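Peer 1: got a predicted structure here, sequence first:
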Amino acid sequence: MTAQPESARFLIVGPQGSGKGTQGVVVAQAFGVPAVSTGDVFRANIAGDTELGKQVKSIVEAGDLVPDELTSALVRDRLEQADAAPGFLLDGYPRNLGQVADLDAFLVSRSEALDAVIELSVPREESIARLRKRAVDQGRSDDTEEVIENRLAIYEKETAPILGVYRERGLVLEIDGLGTLDEVTARIFAALAERGLVPAAAPAE
Ligand code: AMP
């Protein structure tokens with residue numbers, strides 16, 4: 001028998017187009033914790049033309065990273081909300097080593113710790129192909145050819161190194177992101193279960 005985990009604090013990390021947004025929502029729902037996507041928060045603010053949206057619009061549209069202070073403050077505010085007390089799944093944060101330090105400081109101040117970091121791997125060509133398809137399907141303004149290249153370059157330079165840090169802490173679950181949505185989901189749940197991280201109710205088939 002596997003006991004239900006006391007907390008479910010997860011990160012999902014992978015290049016744009018790896019399917020991390022979709023998989024993140026599935027995992028978060030199964031564990032009953034909020035999925036927090038910094039990209040979604042920025043996009044919603046841009047669409048709503050809020051102060052934050054105005055501040056970040058040109059940065060997001062160029063595929064560059066929003067400054068750490070702004071991003072980390074936004075994540076802290078979100079994680080302080082009551083629904084994130086039992087856990088959370090962060091999608092797209094931390095994105096560089098500075099944000100790893102910010103998240104560490106926040107969690108330490110609350111005597112909390114991450115339970116797992118889900119790394120979704122897909123080859124570069126596959127990421128690009130998926131992003132091109134999404135550009136057509138969803139018309140995202142940061143899915144243009146030039147911006148896609150910039151975002152993947154930033155991922156490789158700034159974001160990939162955070163996995164080294166979490167790997168040293170023994171937190172990384174390496175998941176092959178190729179295959180159908182259901183196949184990838186099954187791999188994630190199997191890898192979490194190996195760590196004793198099992199949702200209270202099995203995810204719906
Ligand atoms: P995503 O949907 O995760 O690909 O994020 C879309 C865009 O939002 C990124 O290209 C960045 O401009 C911005 N963004 C999202 N998360 C972060 C983060 N953790 N740090 C800085 N910028 C971010």
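Peer 2: Nice, I can see it.
Peer 1: quick one: residue 12 and the ligand, what's the gap?
Peer 2: 10 Å (Cβ to the nearest ligand atom, to the nearest Å). Every C-beta, even on glycine, is put in place using the N, C-alpha and C of the backbone.
Peer 1: before we move on, what about residue 122?
Peer 2: From residue 122 to the ligand the distance is 14 Å (Cβ to the nearest ligand atom).
Peer 1: can you read off the pLDDT for the residue lying closest to that residue once chain neighbours are set aside?
Peer 2: Spatial nearest neighbour of residue 122, excluding adjacent residues (Cβ to Cβ, 6 or more residues apart in numbering): residue 177 at 4.1 Å. With respect to pLDDT, residue 177 scores 96.
Peer 1: would you confirm that residue 177 contacts residue 123?
Peer 2: No: with contact defined as Cβ atoms under 8 Å, residue 177 does not count as touching residue 123 (9.1 Å).
Peer 1: so between those two, which is more surrounded?
Peer 2: Counted by other Cβ atoms under 10 Å, residue 177 and residue 123 do not tie: residue 177 has more neighbours, with 24 against 11.
Peer 1: what residues does that one make contact with?
Peer 2: 14, 18-19, 120-122, 126, 184 (Cβ atoms under 8 Å, 6 or more residues apart in numbering).
Peer 1: check which helices and strands the helix or strand hosting residue 118 sits against.
Peer 2: Here residue 118, judged by DSSP states H and E, is contained in strand 116-121. Counting contacts by 3 or more Cβ pairs under 8 Å, 6 or more residues apart in numbering; DSSP states H and E, strand 116-121 packs against strand 8-13, helix 20-31, helix 160-168, strand 172-176, helix 181-194.
Peer 1: walk me through which strands it pairs with, and which way each runs.
Peer 2: In the sheet, strand 116-121 lines up against strand 8-13 (parallel), strand 172-176 (parallel) (DSSP bridges).
Peer 1: in TSV: the ones you listed, plus mean neighbour count.
Peer 2: Below are the strands paired with strand 116-121 laid out as TSV (neighbours: other Cβ atoms under 10 Å):
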stretch	mean neighbour count
strand 8-13	25
strand 172-176	18
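Peer 1: CSV please, covering those strands and showing distance to residue 87.
Peer 2: CSV is the format used below for the strands paired with strand 116-121 (distance: least, Cβ to Cβ, whole Å):
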stretch, distance to residue 87
strand 8-13, 4
strand 172-176, 16
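Peer 1: what about residue 191, neighbour count?
Peer 2: 17.
Peer 1: that one: what's it in contact with?
Peer 2: Applying Cβ under 8 Å, 6+ apart, the residues contacting residue 191 are 118, 173-175.
Peer 1: any idea how far residue 120 is from it?
Peer 2: 11 Å (Cβ to Cβ, to the nearest Å).
Peer 1: need the overlap of contacts for these two.
Peer 2: What both residue 191 and residue 120 touch, as defined by Cβ under 8 Å, 6+ apart, is the set residue 175.
Peer 1: name the residues of the protein found near the ligand, please.
Peer 2: Counting by Cβ under 6 Å from any ligand atom, the chain comes close to the ligand at 16, 38-39, 42, 59-60, 63-66, 71, 92-93, 95, 99, 142, 151.
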